[in-house]
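Undergrad: Fold the following for me, if possible:
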Amino acid sequence: MSSFKIHDINTAPEASRPLLENSAKAFGRIPNLHAVMAESPEHLEAYKMLHALFERSSLSKVERNVVWMTINVENACHYCVPAHTAIALMQGVDADIVDALRSETALKDARLEALRQFTLALVRQRGRLEDAQVAQFLGAGFTQRHILDVLLGLAQKTMSNYANHLASTPVDEAFAKFEWTVPA
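TA: Residues are numbered from 1 along each chain as shown. Below you'll find the predicted structure:
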């Protein structure tokens with residue numbers, strides 16, 4: 001376990017302080033993930049920017065949550081799975097979808113399952129998909145824009161998942177009831 005500082009407004013580098021203040025306003029507290037990322041103002045700013053851009057992407061709220069959670073589970077992120085469980089439920093994503101994503105179970109909705117499988121393939125194959133895999137995704141009603149938007153979500157989650165692995169970021173109390181461990 002690496003020893004990363006969990007910053008607050010007073011201990012963070014000067015350039016990170018406004019970013020943490022914005023986090024505190026948005027969440028009512030500073031999430032531990034942001035507190036860890038604050039060590040690098042550029043990292044924290046890039047993460048938050050990618051998040052804002054992904055929120056504006058062509059993917060629906062449910063689809064964005066499928067992308068996030070699929071990546072979080074595949075990368076075995078002890079922090080992001082509970083955090084995104086809370087976020088998904090707060091955003092009105094059906095609990096059955098959230099539970100299936102957490103347990104790596106196929107989704108009942110064929111379009112969402114196609115998105116889950118495509119996202120998994122991108123992560124596992126590092127973007128080197130076969131033409132048939134891309135065609136299957138497009139055949140489920142997605143577009144080339146959706147492909148690029150999934151990559152945007154993947155970039156964001158790579159930053160947070162890897163930072164959490166390196167820092168062993170403690171799960172915030174607000175997410176603790178959604179604790180998750182890698183399925184056996």
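
Undergrad: Going by neighbour count, which residues of stretch 89-105 are buried?
TA: Within stretch 89-105, the residues scored as buried using 16 or more other CB atoms under 10 Å are V93, I97, V98, A100, L101, R102. To be clear about C-beta, it is placed using only N, CA and C from the backbone, and glycine gets the same treatment.

Undergrad: Ok, stretch 138-149 next?
TA: For stretch 138-149, burial by neighbour count (16+ other CB under 10 Å) applies to A140, F142, H146, I147, D149.

Undergrad: possible to save those residues as a markdown table with distance to A38 and secondary structure?
TA: What follows is the buried residues of stretch 138-149, written out as a markdown table (distance: CB to CB, whole Å; DSSP: H, G, I helix; E, B strand; the rest coil):
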| residue | distance to A38 | secondary structure |
| --- | --- | --- |
| A140 | 39 | coil |
| F142 | 35 | coil |
| H146 | 32 | helix |
| I147 | 32 | helix |
| D149 | 27 | helix |
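
Undergrad: and which of these is nearest to I6?
TA: Nearest to I6 among those is D149, at 31.3 Å by CB to CB.

Undergrad: Please tell me the pLDDT value assigned to the closest one.
TA: pLDDT, D149: 99.

Undergrad: try S2
TA: 62.

Undergrad: and what of the one 4 residues further on?
TA: Confidence at I6, expressed as pLDDT, is 97.

Undergrad: which residue packs closest to it, ignoring adjacent ones?
TA: Distance criterion CB to CB, 6 or more residues apart in numbering; nearest residue to I6, sequence neighbours excluded, is A35 at 4.4 Å.

Undergrad: how many other residues sit next to that neighbour?
TA: A count of nearby residues for A35, using other CB atoms under 10 Å, gives 26.

Undergrad: ditto for H43
TA: Each residue near H43 was counted by other CB under 10 Å, and the total is 16.

Undergrad: Next up, the contacts around it.
TA: The neighbours of H43, taking CB atoms under 8 Å, 6 or more residues apart in numbering as the test, are M37, M159, A163.

Undergrad: The second one contacts E45, correct?
TA: The one in question is M159. No: with contact defined as CB atoms under 8 Å, M159 does not count as touching E45 (11.1 Å).
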